[in-house]
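K.L.:
Make a model of this:
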Amino acid sequence: MTPLSEKEKLDSLTRLGIELNTINDLDILLEKVLTKARQFVNADAGSIYIRDVDRLHFTYTQNDTLQQRLPEGAKLVFSLFSIPIDEKSLAGYVATTGEALNIEDVYTIETTRPYGFSRAFDEKTGYKTQSALTIPLKNAGGHMLGILQIINAQNADDRVVCFSRDDEKMMFHFASIAAVALERAQMTRQIILRMIRMAELRDPKETGAHVNRVAGYALELYEGWTSRRNVSKKEIEKTRDILRMAAMLHDVGKVAISDIILKKPDRLATDEFELMKQHTILGARLFVDRQSDFGMAAQEVALNHHERWDGNGYPGHVSIETGLPIRGFEKTDGSARGKTGEEIPLFGRIVSLADVYDALSSRRIYKEAWEEEDVLAAIEAGSGTQFDPELVEILLSRKDIIHSIQARYVESV
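P.N.:
Residues are numbered from 1 along each chain as shown. As a prediction, the model looks like this:
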């Protein structure tokens, strides 16, 4: 990571609020906040904890040293955990007191201090944590949203040093700006999840955990797809934000489908299945004004996530406004011809694969979760018929990250 000059820091701090407020998805925002924070003080690693009542959830982490040990294109996979908000840990102490902690060497914390540092992560990974700056993330009303912790400041020679007082002051300003964006992104996530809960009242399969997993898988597939093409970093960052939110709303059209169909425990009759298919058009119709990139992406996903690569999916080439086949795309029976191959928009192809993978991998009222080898066998069997073969290849190459997303978003009991 290239260190910033003092002028660059001040200029970047001035632009920070505008830059962060262009990001709407919570997960994407946390990644950006941590990247920017580390860049400000040239830190090797860092983590963000999000507060949930009386606990802190370890939500996001970065570590350049460990990342460099991985093969090119691989991502750092980290374990998820939560800690109580008390004075025993560094993050817990800061959340309890509201005071920042700037520690030169976490291995030499005085035993008289109420807090201590756990070496479990270092011992497991072979990493050596030394300096640590832990900052509270508070909203304008003083409510604690979470904790920003940055690790191992580095000098121009890449030697680990302590965080300076100037670093500490700079990060307080940074944290106040980041907290505003964090609170807004949390509100956006809650609005989307409330929409999902509306669908869940109709369809028990449509849970917050399910849509977050599908969205997470969709990002991995998109990143893998862009890594094979000359897509600009700016375009990737913008698209990741809208794709993740759009993927969460892929089945929102089910709110307009009858409970008799959605909650039927048996196989749907032909006429019932035809009605069920309408959720794609009804969902797309919610975004018919298309006043933003997000609206366009959400419409694209809702309409196309049940299309098949071989053309046997639905709803096919239809008018969103009427639901009728587009002229020139009718089959002999008068129904709409299915979209084939790259006629299916990229976001639709991505979410189709992500949705099916999660459905097979997850327990439902009517079935148990499939074993992983059976899920992957079914996905491979569908390559070139149900799914875009390139996306299947990407999914199979990123199984570790896919599994970490599964662990991150588990169904509530």
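K.L.:
Only C-alpha atoms from now on, for both contacts and neighbour counts.
P.N.:
Noted.
K.L.:
give me the low-pLDDT residue ranges for this structure?
P.N.:
1-3, 199-206, 290, 365-366, 412-413 (pLDDT under 70).
K.L.:
Have a look at it and report its longest helix.
P.N.:
Scanning the chain for the helix with the most residues, using DSSP state H, yields helix 165-202.
K.L.:
Centre of the chain to the next helix or strand along the chain from that helix, how far?
P.N.:
From helix 165-202 onward toward the C-terminus, using DSSP states H and E, the following helix or strand is helix 208-227. On the basis of CA atoms, centre = their mean, to the nearest Å, helix 208-227 sits 7 Å off its chain's mean C-alpha point.
K.L.:
Helix 208-227 versus helix 165-202: what angle between them?
P.N.:
For helix 208-227 against helix 165-202, the angle by axes from the mean of the first three to the mean of the last three CA atoms, to 10 degrees is 120 degrees.
K.L.:
Now the helix or strand that helix 208-227 is followed by: buried residues?
P.N.:
Per DSSP H and E, the first helix or strand lying C-terminal to helix 208-227 is helix 233-248. Residues of helix 233-248 classed as buried by neighbour count (16 or more other CA atoms under 10 Å): 239-248.
K.L.:
again, but for stretch 358-372
P.N.:
Here stretch 358-372 shows 358-362 as buried, counting by 16+ other CA under 10 Å.
K.L.:
Could you do stretch 13-31 as well?
P.N.:
By neighbour count with 16+ other CA under 10 Å, stretch 13-31 contains the buried residues 13, 16-17, 20-21, 23-31.
K.L.:
repeat for stretch 328-341
P.N.:
So for stretch 328-341, counting by 16+ other CA under 10 Å, buried means 329-330, 335-341.
K.L.:
Those residues: which two are farthest apart?
P.N.:
Using CA to CA, the pair of the buried residues of stretch 328-341 lying farthest apart is S335 and G341, separated by 19.0 Å.
K.L.:
related to what we said a few turns ago, how far off helix 233-248 does the longest helix of the chain point, in degrees?
P.N.:
Using the same axes, to 10 degrees: helix 165-202 against helix 233-248 is 30 degrees.
K.L.:
So the nearest residue to Y314 once chain neighbours are set aside versus L353, what's the distance?
P.N.:
Distance criterion CA to CA, 6 or more residues apart in numbering; nearest residue to Y314, sequence neighbours excluded, is E307 at 5.0 Å. Computed as CA to CA, to the nearest Å, the E307 to L353 distance reads 10 Å.
K.L.:
again with S292
P.N.:
25 Å.
K.L.:
Those two - which one has more neighbours?
P.N.:
Legend: neighbour count by other CA atoms under 10 Å for S292 and L353, higher for L353 (27 against 11).
K.L.:
Skipping adjacent residues, who's closest to that one in space?
P.N.:
Closest residue to L353 apart from its sequence neighbours, by CA to CA, 6+ apart: F387 at 6.4 Å.
K.L.:
which residues does that neighbour contact?
P.N.:
Counting by CA atoms under 8 Å, 6 or more residues apart in numbering, F387 makes contact with 308-309, 349, 352-353, 379.
K.L.:
Kind regards, and thank you for your time.
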